[in-house]
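J.: here is a sequence together with a model predicted from it:
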Amino acid sequence: MPIIKPVNGKHPEIAKDCYIAENATIVGEVFIGSQCSIWFNAVIRGDVHFIRLGNKVNVQDGAVIHATYKTSPTTIGNNVSIGHNAIVHGCTVHDDVLIGMGSIVMDDCIIESHSIIAAGAVVKKNTHVEAGSIYAGIPAKRIGTVSEALKTGEIHRIAENYVKYSSWFKAK
């Protein structure tokens with residue numbers, strides 16, 4: 001069973017249609033919207049500030065979502081994919097975003113809609129990623145624009161696929 005527990009009297013709130021892997025950890029002031037999936041070894045730690053996930057968010061294997069004590073909550077919009085082993089910390093991620101595998105998004109960043117953070121990128125504190133941008137590298141810099149093909153072929157496809165994948169694991 002996943003670890004889902006309160007911290008300091010604040011309980012995770014998870015929509016009933018979500019898939020939560022058996023070894024995922026969700027603690028504290030966490031709100032998870034509809035059709036989300038939290039995968040194996042993922043950790044969402046709302047112990048020091050709140051964390052909000054919209055609808056159709058997938059938090060893939062080994063990813064960590066956290067916040068900064070009393071200063072930087074984490075808010076994630078709808079149709080967001082957070083890749084394997086990514087770290088999303090104390091920031092705002094708008095709708096329709098792909099956070100690549102092994103990437104790090106640090107405190108007080110804003111990732112606007114229809115953006116892609118490439119695998120392995122490190123988005124430094126206070127970075128503002130404009131809508132429709134592709135960021136890559138260490139530190140991450142803007143390297144391009146998200147085309148319509150990338151929006152549908154990557155951002156939307158991955159979010160929809162994870163809704164499908166999670167259905168394979170849900171108890172019937």
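T.: Structure received.
J.: list the contacts for residue 111?
T.: 91, 92, 93, 94, 97, 99, 105, 117, 123, 129 (C-beta atoms under 8 Å, 6 or more residues apart in numbering). C-beta: built from backbone N, CA, C; applies to glycine.
J.: for burial, what's the neighbour tally of residue 108?
T.: 16 (other C-beta atoms under 10 Å).
J.: longest strand anywhere in the protein?
T.: Taking DSSP state E as the criterion, the chain has its longest strand at strand 43-53.
J.: tell me what the next helix or strand after it is packed against?
T.: Next helix or strand after strand 43-53 toward the C-terminus (DSSP states H and E): strand 58-59. When contacts are defined as 3 or more C-beta pairs under 8 Å, 6 or more residues apart in numbering; DSSP states H and E, strand 58-59 packs onto strand 37-38, strand 80-82, helix 157-169.
J.: using JSON lines, please lay out these together with mean neighbour count.
T.: As requested, the helices and strands packed on strand 58-59 are exported to JSON lines (neighbours: other C-beta atoms under 10 Å):
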{"stretch": "strand 37-38", "mean neighbour count": "28"}
{"stretch": "strand 80-82", "mean neighbour count": "29"}
{"stretch": "helix 157-169", "mean neighbour count": "15"}
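J.: those into JSON lines, with extra columns for distance to residue 12 and mean pLDDT?
T.: Shown next, in JSON lines, are the helices and strands packed on strand 58-59 (distance: least, C-beta to C-beta, whole Å; pLDDT from 0 to 100):
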{"stretch": "strand 37-38", "distance to residue 12": "10", "mean pLDDT": "98"}
{"stretch": "strand 80-82", "distance to residue 12": "17", "mean pLDDT": "98"}
{"stretch": "helix 157-169", "distance to residue 12": "17", "mean pLDDT": "97"}
